[in-house]
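**Q** sharing a model prediction with you, sequence too.
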Amino acid sequence: MREEEVHYDIAVIGGGLAGTCAAIAAARLGRRVALVNNRPVLGGNASSEVRVWVCGATAHGVHRWARETGIMGELYTENQFRNPEGNPYYWDQVVLDAVLAEPNIDLYLNTDVREAEASGPDDAREVHSCTGWMMGSERRITFHAQQFLDCTGDGLLGHLAGARYRIGREARAEFDEPWAPEEGDEALLGSTILFHTKDAGHPVKFVPPAYARDLTTTPILRNRVLRTGDNGCDYWWIEWGGELDTVHDNERIRDELQAVIMGIWDHIKNSGEFPDAANLTLEWVGSLPGKREYRRFLGDYVLTQQDILEQRQFADRIAFGGWSVDLHPVQGMYADEPGARQRYADGVFHIPLRSLYSVNVTNLLFAGRNISATHIAFGATRVMATCATIGEAAGTAAALCVGEGLSPRELATKRPELMRRALLRQDASVIGLADDDPDNLARTARVSAAGHLARLAAEPTEAAPGEPYPLTRDLGLLLPVDPALDTVDLLVHGAADGAERELTVELWGTGHPENAVPVDHLLTTTVTVPADGPHWVTARFDHHPETPENAVVIVRAEPGTALVLVPERTDGVLALRSRVEGDAAVDHDIPEEDGQLVLEWQARGLRRQTFAFRASPDTSAFRPERAVGGFQRAYGGPQMWVSGPTADEEWLRLEWDHEQSLTEARVVFDDDVDEYLNNLHRHRTPFEVMPELVRDYRLQSRDADGTWHTLLTVTGNRRRHRVHPLAGADGEPVRTDALRIVVDATHGARRAHVTAFKAYGA
């Protein structure tokens, strides 16, 4: 056995998506990072060893404009391009490549950390090192660092270091959570093993092993649905162990899960109830239980059910989520009750930095399912894309702590602006934070463009005439209101019986700027629709809000009439339909409570289509100033520059009164974060690259004589966030009074979209 000692700025223990994103974030900020994982592949539950879909704030398309950006966004979009079939092994390579691209990361796979050295009083401990055993290499490695991140999921490092934590469910009275049990207990969400099948093209028999569970002796057949077409996470409900200790009883849980999988397959193949299963065979069965829950550390703030459902906007928010509060019965697959209970907020929720560091260990941060949250709130934060965004934030915080000589608590309470500015600079997943970074010289520039989209409309054309969409249910349009919404013209098919109809049209606010559902009723009007048609009719609102916002125009159901659905995506606009009986509320078989607005008002099924409309007056929502406004996501409007009618050249320009010395430019393009992506393609999108993304562009500076000099040319771009160092021929900073980006081509969209254009100096 070889003994080794290594020294780093930051040690990240755990190589799931939280740990992976934490390590990448810290490395990109110039810190030397050890990324230590006890498995041979990265990705944790998302890896090819377990194969759980990477779910996040979109909640399978329930929330709008909610897909993660930052490092998780890079992984999603790179996988979409490389791996359109959703191969789990190709996904492993996408994650691994992202780590190997960072020279500041040293990766230690198959290294199980099982010791920690820490000292100090109980309320102010400090981690000095941790030690892991590298399996297969007979290396015992001690990792020394200034900051440690526990991204293990189970929270082993923090436990060894003496960090305070909880296991199980809090009592209802402790945090006044309606969903919490009357008395606290140690019940957990259970673990799951998945399996994949394939069609062999010929009959294949299955002889069950002796340990296969006889499903007729269990409640499974009466309470769960078996289908031959299901695979992988379709069987998320194969869950057990919530009444046990999911760590110490891990082997027992694994054996029970595998016995049930063999029982399920025996029933499908041999019961005679599935004649279409004759040619099916097992392609893969997991051997590693995917854990949902164990230790949750205590931070300076404990996230609660109310924080999730009320969408509380913390001043120190560092990430967002959108998954429902998703809790499962303790008995798992053997429960008589449904496999999950879900409650969605009206939009995305926010997570504070104070939930990412230990209340009593001064140099310990955590990310993933072990953050400081109650059992109820954890039901929403535990999904992996959300864990990944938390990881990016934790890695960013650790890097800032090392660079500034701060503890995580000091960063959160004394220098929160450092965190906010760093996250916005790297296009991380935060919403509603404006860029106030004094180093961003674009904030002091005059911003102009060759043109911008001013007319908000979607009209049928000869090539795309649209089709009637019956008003048998309430329909809606979400529109940006900037500065006003005086009227909306709607194209309506009247009744075929020759009679006029009265349509009730309402205007609603969205409650929060990050939301896309009708929450607050503003006014109601009526319009008369002549028979036949279609006819343009006008609804008058005269709505002039104090600040730009989104609003929802609702057209109430009127049988015999129809709006016109145009097959065109309209920037900043969403078509919505109300849920009616028979609609699936979500894309999987999980019951939910009634009255959840994001389920009652669906955009799914209408993506990249719009009800024909014309709004007045002209909009300012896409003016060039929006690209330096600081918001890099939809927030009370689309928050981006969109070019206008086709010009000879589409450009966005920054100008200063005096010459600037520039060393870096950053551009954030629009990659349509409303398009739901998934790593294993539970949902498929037809685009390997989002059409709205800018493909070819040039970055230019203006010379003293007024001519434009091309600094760099990019073709075939596939990234949302591009960072470009700037230097002249002599290697010195670029000195200029103007900088512009010229867009030469997109990946298919008719207009250029730029979400942010930033410039930094020496």
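**A** Perfect, I can see it now.
**Q** do you know how far residue 419 is from residue 162?
**A** 26 Å (Cβ to Cβ, to the nearest Å). Glycine gets a C-beta too; all of them are placed from N, C-alpha and C.
**Q** comparing these two, which residue is more hemmed in?
**A** residue 419 (23 against 19; other Cβ atoms under 10 Å).
**Q** test my guess that that one contacts residue 410.
**A** No: at 11.2 Å, residue 419 does not count as touching residue 410 under the criterion of Cβ atoms under 8 Å.
**Q** run through the bridge partners of the residue lying closest to residue 722 once chain neighbours are set aside.
**A** Distance criterion Cβ to Cβ, 6 or more residues apart in numbering; nearest residue to residue 722, sequence neighbours excluded, is residue 667 at 4.9 Å. Judged by DSSP bridges, the bridge partners of residue 667 are residue 722, residue 757.
**Q** what about residue 667, distance to residue 558?
**A** In terms of Cβ to Cβ, residue 667 sits 46 Å off from residue 558.
**Q** also residue 442?
**A** 48 Å.
**Q** which one of residue 667 and residue 558 is surrounded by more residues?
**A** residue 667 (24 against 19).
**Q** what sits against the more buried one?
**A** 697, 699, 721, 722, 724, 741, 754, 756, 757, 758 (Cβ atoms under 8 Å, 6 or more residues apart in numbering).
**Q** among those, who's most crowded?
**A** Neighbour-wise, the contacts of residue 667 (other Cβ under 10 Å) top out at residue 756, 28 neighbours.
**Q** now it. Nearest residue, chain neighbours left out?
**A** residue 668 is the one closest to residue 756 (Cβ to Cβ, 6+ apart), at 3.8 Å.
**Q** equivalent analysis for residue 350, please.
**A** Per Cβ to Cβ, 6+ apart, closest to residue 350 is residue 317, 4.0 Å.
**Q** my guess is that neighbour contacts residue 354. True?
**A** No: applying Cβ under 8 Å, one finds residue 317 not in contact with residue 354, separated by 10.0 Å.
**Q** gap between the residue sitting furthest away from the middle of the chain and residue 615?
**A** Taking Cα atoms, centre = their mean, the residue of the chain most remote from its mean C-alpha position is residue 498, at 49.1 Å. Distance, residue 498 to residue 615, by Cβ to Cβ: 30 Å.
**Q** can you give me the strands for the stretch 451-600 of the chain?
**A** When assigned using DSSP state E, counting those that start in this stretch, the strands of the stretch 451-600 of the chain occupy the ranges 457-458, 467-470, 475-481, 485-493, 501-509, 520-529, 535-543, 549-555, 562-566, 574-578.
**Q** in CSV: those, plus distance to residue 205.
**A** CSV is the format used below for those (distance: least, Cβ to Cβ, whole Å):
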stretch, distance to residue 205
strand 457-458, 56
strand 467-470, 49
strand 475-481, 52
strand 485-493, 57
strand 501-509, 59
strand 520-529, 61
strand 535-543, 64
strand 549-555, 56
strand 562-566, 49
strand 574-578, 47
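**Q** to residue 248, which of the ones you listed lies closest?
**A** strand 574-578 (47.9 Å; Cβ to Cβ).
**Q** sheet-wise, list the partners of the closest one with their directions.
**A** strand 475-481 (antiparallel), strand 601-602 (antiparallel).
**Q** what's the following helix or strand after the shortest one?
**A** The C-terminal neighbour of strand 601-602 among helices and strands, as given by DSSP states H and E, is strand 610-611.
**Q** next, count neighbours for residue 717.
**A** Counted with other Cβ under 10 Å, residue 717 comes out at 18.
**Q** number the chain from 38, please
**A** Got it, first residue is 38 now, which makes that one residue 754.
**Q** isn't it up against residue 706?
**A** Yes: with contacts counted by Cβ under 8 Å, residue 754 reaches residue 706, the gap being 7.5 Å.
**Q** common neighbours of these two, please.
**A** 730, 731.
**Q** which residues in this structure form helices?
**A** Remark: helices assigned in the chain by DSSP state H are 54-65, 107-119, 125-137, 193-198, 209-212, 257-260, 287-307, 342-346, 412-418, 421-441, 445-451, 453-462, 634-637.
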